[in-house]
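[1] Need coordinates for the below:
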Amino acid sequence: MTKSRNILFICLLVSFFTLSQKTAEDFVQDGLAKVASNNHKGAISDFNKALKINPSLTEAYIARAKSKRNTGKLQSAIADYNRALKINPYDPESYNARGEIYLSLGHFTESITDFTTTLHINKKHAVAHYNRGFAHQSTGDYKQAMKDYEKALEINSSFAEVYHEIGNILAIKGKYSEAIQQFDKSIGIKADFSKSYIARGVAKIKTGDNTDGCNDLSKAKDLGDKGVESLIQLFCESKKQLESKEER
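    This is a model prediction of the structure:
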């Protein structure tokens with residue numbers, strides 16, 4: 001019995017010294033490995049340990065912020081980006097990431113400020129242009145949105161989401177044929193972009209092309225977008241039922 005206790009004590013001692021020898025960077029790497037396996041709760045625990053050892057490790061704050069964002073802890077994620085930016089106020093990615101959280105919360109003024117700061121640091125940040133454009137679009141400022149979208153495409157001409165949003169603005173303005181051209185470009189780059197199939201389908205139906213429009217809506221459904229079913233029922237199935245009655 002005494003021998004077993006001694007062995008257990010030695011094992012605990014070895015474990016203690018192994019843990020005590022770990023650096024903050026080691027815990028960050030452990031956390032990132034957990035992120036890769038989608039274990040964000042475990043990752044946050046590792047990042048906490050890293051920051052306990054080194055409270056000035058920006059990498060840990062940023063990594064923890066990303067995991068918190070993935071688990072829906074948005075305000076806490078913002079707080080971590082705030083801490084990271086106090087240590088390094090010239091990190092464009094942290095401003096952009098914080099701006100995306102503000103955008104998802106509907107805090108458009110704050111998000112636009114963060115995306116603008118990102119672009120002051122890195123003028124060729126296509127994603128920040130896209131994000132700021134979407135923030136402007138969300139407030140109804142389509143003119144500023146289009147400027148940002150055009151700038152994003154100058155930097156990255158294969159940005160499918162930008163073509164999609166330009167198409168959405170054109171569709172809102174009733175320019176369905178022009179919108180369809182933008183959705184064509186979006187789908188040409190990203191063949192599984194269900195939102196563009198839906199938007200293009202509705203735009204085609206608005207121009208009177210119900211057959212192709214309904215085909216696009218069906219394609220979106222095939223891609224797994226369940227939200228399109230109500231549109232199919234509204235624009236396609238109801239029309240088929242009407243045509244069937246007329247034939248009788």
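[2] Just give me the residue right at the centre of the chain.
    Geometric centre of the chain, nearest residue: residue 100, 7.6 Å, by C-alpha atoms, centre = their mean.
[3] which non-adjacent residue is nearest that one?
    residue 131 (6.1 Å; C-beta to C-beta, 6 or more residues apart in numbering). All C-beta spots, glycine's among them, are computed from the backbone N, C-alpha and C.
[4] does that neighbour really touch residue 102, like I thought?
    No. If you go by C-beta atoms under 8 Å, residue 131 and residue 102 don't touch, sitting 9.9 Å apart.
[5] Comparing the two, which residue is more hemmed in?
    Counted by other C-beta atoms under 10 Å, residue 131 and residue 102 do not tie: residue 131 has more neighbours, with 26 against 21.
[6] quick one: pLDDT of that one?
    In the predicted model, residue 131 carries a pLDDT score of 98.
[7] List the buried residues for whichever helix or strand it is part of?
    Assigned by DSSP states H and E, residue 131 belongs to helix 126-138. Of the residues in helix 126-138, those with enough neighbours to count as buried (16 or more other C-beta atoms under 10 Å) are 126-137.
[8] if you average pLDDT over stretch 153-168, what comes out?
    98.
[9] ok, back up a step: do you know how far the residue nearest to residue 100 is from residue 116?
    Summarising the geometry, the distance separating residue 131 from residue 116, computed by C-beta to C-beta, to the nearest Å, is 10 Å.
[10] How about residue 50?
    To residue 116, residue 50 is 31 Å away according to C-beta to C-beta.
[11] These two - which one has more neighbours?
    Applying other C-beta under 10 Å to residue 50 and residue 116 shows that residue 50 carries more neighbours, namely 26 against 14.
[12] The helix or strand where the more buried one lies - contacts with which helices or strands?
    Element membership for residue 50 (DSSP H and E) is helix 40-53. If you count contacts as 3 or more C-beta pairs under 8 Å, 6 or more residues apart in numbering; DSSP states H and E, helix 40-53 packs onto helix 24-36, helix 58-70.
[13] can the ones you listed go into TSV with extra columns for distance to residue 110, mean neighbour count and mean pLDDT?
    Formatted as TSV, the entries for the helices and strands packed on helix 40-53 read as follows, by distance: least, C-beta to C-beta, whole Å; neighbours: other C-beta atoms under 10 Å; pLDDT from 0 to 100:
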stretch	distance to residue 110	mean neighbour count	mean pLDDT
helix 24-36	26	18	98
helix 58-70	15	22	98
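[14] Please convert these to JSON lines, extending it with distance to residue 232.
    Rendered in JSON lines, the data for the helices and strands packed on helix 40-53 read as follows (distance: least, C-beta to C-beta, whole Å):
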{"stretch": "helix 24-36", "distance to residue 232": "38"}
{"stretch": "helix 58-70", "distance to residue 232": "32"}
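[15] Those: which one's closest to residue 230?
    helix 58-70 (28.9 Å; C-beta to C-beta).
[16] Just give me how far the helix or strand just after that closest one sits from the chain centre.
    The first helix or strand that comes after helix 58-70 along the chain, using DSSP H and E, is helix 74-87. On the basis of C-alpha atoms, centre = their mean, to the nearest Å, helix 74-87 is displaced by 18 Å from the centre of the chain it belongs to.
[17] got the contact list for the helix holding residue 50?
    The contact list for helix 40-53 (C-beta atoms under 8 Å, 6 or more residues apart in numbering) reads 22-28, 30-32, 34-35, 57, 60-61, 63-64, 67-68, 70-71.
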